[in-house]
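coordinates only, sequence not included:
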């Protein structure tokens, strides 16, 4: 799960990156020429792991991980007439989803490049940059298709024409400023995967608010989720500066500060959960005598593919999986009791792993 973080100049995207990953990256270091990305890992909040650790007296808990990539430069700084290009586009094409950081905080020492704060304007600007980027990709591919069609043998033409029809349809939508994620893409999923269109990726619009706006978090999210519902994106609000500072503290101290600010939960944990949901991820669990571990997989993953998440040898030599939902296991109190009650299931390679499954993979090398 690799999520890219992008934003316009002075939006606070590196501050948000530090908050999510507990990093200490210099927030002023990403400039127009700073193309190398910052990469960090965040633990996905998973309280069910503690349930298993306590039940089986396991000393070690390993949380699922989310990878966040702070893209190396401002999208606006690197935007050309036809959108994002070069090294920045290569970085963006490898991520699974995007967090678009939008500035709402006030800070006279860091003036907004446009001279004013305007959330809608900045969201529209970022969306246009992504649209222009996809249009540039489409135009280049359509030009190549025209050349291929002229030289194609009779048996090859149909395939080229089919691709041309699909991509021309995409181009029409983008020219109307409609992101590809707004379309029903199932019949054309292969083309989306091949080209890694940016507007087809899941997007979280993250409004970076100031401390003086903390009590307005819910109303801000409600307003902008409503205003941009037709874009098929999720909108959330976070005070990046505060969360970055809290991320550097011990959890007890951080919680005391949250209580002072009237915050019911960690903002960064909430954003990580939203990221998880954005990508349609679920968690399954494994245990041994020393640890309990959570694994992130896409909803709909079968048992053999899930085994490969643990180790490639498990996928190659998969025999069967022993599975039980964590709720059932907690009720039984032990694997032995679950087996006695007939609640420990034996599943084959095509079984679809469910969220909360505790899994033991049997395999041979």
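Thanks, I have the structure now. Just so it is clear, the structure is predicted and the values come from calculations on it, not from any experiment.

strands of this protein, residue ranges please.
2-7, 38-43, 60-62, 65-70, 79-80, 83-84, 97-103, 203-208, 234-238, 281-287, 291-298, 318-325, 345-347, 357-363 (DSSP state E).

between those strands, which gets nearest to residue 160?
Taking CB to CB, strand 83-84 is the member of the strands of the chain nearest to residue 160, at 25.0 Å. For glycine as for every other residue, the C-beta is placed from the backbone atoms N, C-alpha and C.

tell me the mean pLDDT for that closest one?
Strand 83-84 carries an average pLDDT of 55.

same check, this time on stretch 16-31
The model assigns stretch 16-31 a mean pLDDT of 74.

quick one: closest of the strands of the chain to residue 331.
Closest among these, once you apply CB to CB, is strand 318-325, at 9.5 Å.

which residues touch that closest one?
Where contact means CB atoms under 8 Å, 6 or more residues apart in numbering, the residues beyond strand 318-325 that reach it are 303-304, 306-307, 332, 335, 338, 343-349, 351, 353-354, 356-364.

mind listing what it pairs with, with the direction of each?
Strand pairing for strand 318-325, determined by DSSP bridges: strand 345-347 (antiparallel), strand 357-363 (antiparallel).

any chance of those in JSON lines, with mean neighbour count, distance to residue 39 and mean pLDDT too?
Listed next are the strands paired with strand 318-325 as JSON lines, based on neighbours: other CB atoms under 10 Å; distance: least, CB to CB, whole Å; pLDDT from 0 to 100:
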{"stretch": "strand 345-347", "mean neighbour count": "14", "distance to residue 39": "35", "mean pLDDT": "97"}
{"stretch": "strand 357-363", "mean neighbour count": "19", "distance to residue 39": "29", "mean pLDDT": "97"}
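
can you add distance to residue 57 and give those strands back as CSV?
As requested, those are exported to CSV (distance: least, CB to CB, whole Å):
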stretch, distance to residue 57
strand 345-347, 24
strand 357-363, 16
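
report pLDDT for residue 74.
Value listed for residue 74 in the pLDDT field: 56.

what number of residues are in the vicinity of residue 177?
13 (other CB atoms under 10 Å).

mind listing what it touches?
Applying CB under 8 Å, 6+ apart, the residues near residue 177 are 127-128, 131.

now the buried members of these.
Buried residues within the contacts of residue 177, counting neighbours by 16 or more other CB atoms under 10 Å: 127, 131.

so which of the strands of the chain gets nearest residue 265?
strand 234-238 (11.6 Å).

and the closest one, which strands flank it?
When DSSP bridges is applied, strand 234-238 pairs with strand 203-208 (parallel).

just confirm residue 100 contacts residue 206, I think it does.
Yes: using CB atoms under 8 Å, residue 100 is in contact with residue 206, at 6.7 Å.

in the stretch 1-150 of the chain, mark out all the helices, start to finish.
13-21, 48-56, 75-78, 86-93, 119-151 (DSSP state H, counting those that start in this stretch).

packing partners for the fourth one?
Pointing back at helix 86-93 there. strand 2-7, helix 75-78 (3 or more CB pairs under 8 Å, 6 or more residues apart in numbering; DSSP states H and E).

looking at the ones you listed, which has the lowest confidence?
Taking the mean pLDDT of the helices and strands packed on helix 86-93, helix 75-78 comes last: a mean of 50.

picking up where we left off before, ranking the strands of the chain by mean pLDDT, which is last?
strand 79-80 (a mean of 44).

residue 212: which of the helices of the stretch 1-150 of the chain is closest?
The nearest among those, by CB to CB, is helix 119-151 at 15.4 Å.

having no further points to raise, I will conclude here.
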